[in-house]
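A.B. asks: Below are the sequence and a predicted model for it; my questions follow.
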Amino acid sequence: MCYSPARENKIFKASNYKFLLPLVLAVLIGIIVSFAVQGFISLVNLVESYLRGDEHLLLGLPKEFLVISGPIIAGIIVSIIFKLANLDRWHGPADSILAAHLPSHRPNTEAGLLSTLASAISISGGASVGQYGPLVHFGGVIGDYFSKLTRDQTSPHILLACGAAAAVSSGFGAPFAGLVFAHEVIVRHFSLKAVAPILISSVVAHTFSREVYLYEPLFQISIGGISNFYEIFPLALLGILAGFIASLYMRGLTGKLPIPKQIPTYLLPIIAGIICGITGLFLPETLGLGTNFIRNIIEDPMSIDYVFLLLLGKLFLTVVCIRLFLFGGIFSPALFIGVSLGCIFVAFFNQIIPDLNYSLFVIAGMAAVTSCVIGGPISTLLIVFELTSDYQVALGAGISVCFSNLISSKIYGHSAFDQMLLNRNIDLRLGRDNLHLKSISINSIYSKNYIRLAPEHKVEDMIKILSESENSDGYIISPKGVLLGKVFLPKLIQIENKSLPPDKNLFTGFLSLNENQNILEAIDLIKDFVGESVPVVDNNNNILGIVTESDLFNQLLIAENIRKKEELSD
């Protein structure tokens, strides 16, 4: 092929502008996600104002009727969506986290959009769930969809993180928290090539929300920070209590829940709606997002007895809704539980140390519980800092966050999302490379190129067959394909009487792999193996093929290169 300067220059220019693609996509993702987030919030607020607000004018019905019927109607609609869509579960942030770690587990676009719709209906009706989790996953789905449209010219996990960051930035009005959240909770590593597009998407989403929509901050008063050194100790104690409360909350969300098998899964949201409606008659603040309650309790103390009931009620209802598929997020309920805990704590501790900064302790409790639930202590502190524009508030809350995460990580784990994945036998603690190996079945790499021997073969025949094929391992197989044993050429040579078939004890007790095992399990099993190959069998012990140490080592190198490409490349 002849040299063409014009062609080379064209290729150079194309590659020179390729780096702009993720930045352009980040802007588009930021705008679209911001528009969707604000539309979601506006819809929820509108419906909520007519069902549970001061504008309950819907058909002139009494407020009590709307309070109890709202969650039930929402449960019925969500149940219909779940049934018609033929889903096995709703999709949320845990799926975005998994997709960012395993390219083979890309988000299901249809399931992600339907889950977001279901959460909007649930919250609007009064289910005790949150909005930020579904919105984060929605942002991830949009980002991944853009990656598919552009044939993955930009790493899918980067655009997914752009969508998640945009959702947090638009929802909270905290662009830097969106950036850190995407890295800390979703992607879980920092790389230079990811920071720029994620930050751009986060800033664009925040700016678009501020310019186009009416933004109402969560904190509307001046909080103030630590005024005396001794306040550090109660803040630390609050963090310890928050760690226990957060662990209890997460255990309820992800622990075992015996549900009778006779009840169809698609009917469970209706049951959750009935429970919410009845509870809402007595504890109306526990329904929906509880944003007004959070704002009010941060500004002014409430009756401790009632707040304690609200804390228990919110925790109970959220667990009921999530476990019974009345779908929504777990972030907003964590905020509610956290401020309730902070209010109760400061009320009791004021008896010992008067004049504590009430609002600071309430926010510290909120941050402490929430950071444990989402596994994002730094991003939670940044949300507090950006919402208050006060470094001293973030500093005080940081003490509680530190101790709460220390406690919850020891008695529960990293986050509720990690446990949700662990319930699906996916352990993020393994790391990207090991997760990749675990996702590959041994079926995909075995070879059928192995030496087949018959039980009636004499030792001298086996030696001849193995020597001529230049193999040291041979497999004794029955006429029906059942693996009976494995022989080694060096051991066969040592047998004195070679005119008879080998003794059965010689070829039994060998290592084999099952077809249902994965590469990671196989590597662990053969770590002490010495030999040429290992047979792969099915559940009936029929031989399917063999794998060598070289096959497994190559897969290990591939997984390591994938991890390096994602985490370390510029």
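C.D. replies: Looks like it arrived, so ask away. Numbering: from 1, shown residues only.
A.B. asks: only C-alpha atoms for contact and neighbour calcs from this point on.
C.D. replies: Noted.
A.B. asks: Using PDB, write out every CA atom in stretch 233-242.
C.D. replies: Extracted in PDB, the C-alpha atoms of stretch 233-242 (Å, rounded to 0.1, in the frame of the first residue of the first chain):
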ATOM      1  CA  PHE A 233     -17.500  14.300  72.200                       C
ATOM      2  CA  PRO A 234     -21.300  14.300  71.800                       C
ATOM      3  CA  LEU A 235     -20.900  14.500  68.000                       C
ATOM      4  CA  ALA A 236     -18.700  11.400  68.100                       C
ATOM      5  CA  LEU A 237     -21.300   9.600  70.300                       C
ATOM      6  CA  LEU A 238     -24.000  10.700  67.900                       C
ATOM      7  CA  GLY A 239     -22.000   9.100  65.100                       C
ATOM      8  CA  ILE A 240     -21.700   5.800  67.000                       C
ATOM      9  CA  LEU A 241     -25.500   5.700  67.600                       C
ATOM     10  CA  ALA A 242     -26.100   6.600  63.900                       C
END
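A.B. asks: Pull out the buried positions in it.
C.D. replies: 234, 235, 236, 237, 238, 239, 240, 241, 242 (16 or more other CA atoms under 10 Å).
A.B. asks: Which of those residues fall within helices?
C.D. replies: The helices, defined by DSSP state H, take in 234, 235, 236, 237, 238, 239, 240, 241, 242 from the buried residues of stretch 233-242.
A.B. asks: the bottom helix or strand of this structure by mean pLDDT?
C.D. replies: Within the chain, no helix or strand scores below helix 5-17, which has a mean of 53 by mean pLDDT, DSSP states H and E.
A.B. asks: what's the following helix or strand past that helix packed up against?
C.D. replies: As assigned by DSSP states H and E, the chain's next helix or strand after helix 5-17 is helix 21-51. Under the contact definition 3 or more CA pairs under 8 Å, 6 or more residues apart in numbering; DSSP states H and E, helix 21-51 sits against helix 63-85, helix 109-125, helix 132-149, helix 156-172, helix 192-212.
A.B. asks: and residue 423, which of those helices is closest to it?
C.D. replies: helix 132-149 (18.4 Å; CA to CA).
A.B. asks: so the closest one versus helix 156-172, what angle?
C.D. replies: Counting by axes from the mean of the first three to the mean of the last three CA atoms, to 10 degrees, helix 132-149 lies at 140 degrees to helix 156-172.
A.B. asks: Helix 132-149: which residues count as buried?
C.D. replies: Within helix 132-149, the residues that count as buried by 16+ other CA under 10 Å are 132-147.
A.B. asks: Let me have the ones in helices among the buried residues of stretch 233-242 in a markdown table, extended by distance to residue 458.
C.D. replies: Formatted as a markdown table, these follow (distance: CA to CA, whole Å):
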| residue | distance to residue 458 |
| --- | --- |
| 234 | 81 |
| 235 | 79 |
| 236 | 76 |
| 237 | 76 |
| 238 | 77 |
| 239 | 74 |
| 240 | 72 |
| 241 | 73 |
| 242 | 72 |
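A.B. asks: Spatially nearest residue to the residue nearest the centre of the chain (excluding sequence neighbours)?
C.D. replies: Closest to where the C-alpha atoms of the chain average out (CA atoms, centre = their mean) is residue 94, at 2.0 Å. Leaving aside its chain neighbours, residue 94 sits nearest to residue 417 (5.0 Å; criterion: CA to CA, 6 or more residues apart in numbering).
A.B. asks: my read is the one you found is in a strand, agree?
C.D. replies: No: with DSSP: H, G, I helix; E, B strand; the rest coil as the criterion, residue 417 is assigned helix and is not in a strand.
A.B. asks: tell me the domain boundaries of the protein?
C.D. replies: Domain assignment for the chain by automatic domain parsing gives 21-212, 436-559.
A.B. asks: quick revisit: now, the most widely separated pair of the buried residues of helix 132-149?
C.D. replies: 132 and 147 (22.6 Å).
A.B. asks: what's around the residue nearest to residue 94, how many residues?
C.D. replies: 26 (other CA atoms under 10 Å).
A.B. asks: what does the one 3 residues further on give?
C.D. replies: Burial of residue 420 is recorded as 19 neighbouring residues (other CA under 10 Å).
A.B. asks: Next up, the contacts around it.
C.D. replies: Residues counted as contacts of residue 420 (CA atoms under 8 Å, 6 or more residues apart in numbering) are 94, 254.
A.B. asks: gap between it and residue 63?
C.D. replies: Between residue 420 and residue 63 the computed distance is 37 Å (CA to CA, to the nearest Å).
A.B. asks: same check, this time on residue 449
C.D. replies: Distance of residue 449 to residue 63, given as CA to CA: 74 Å.
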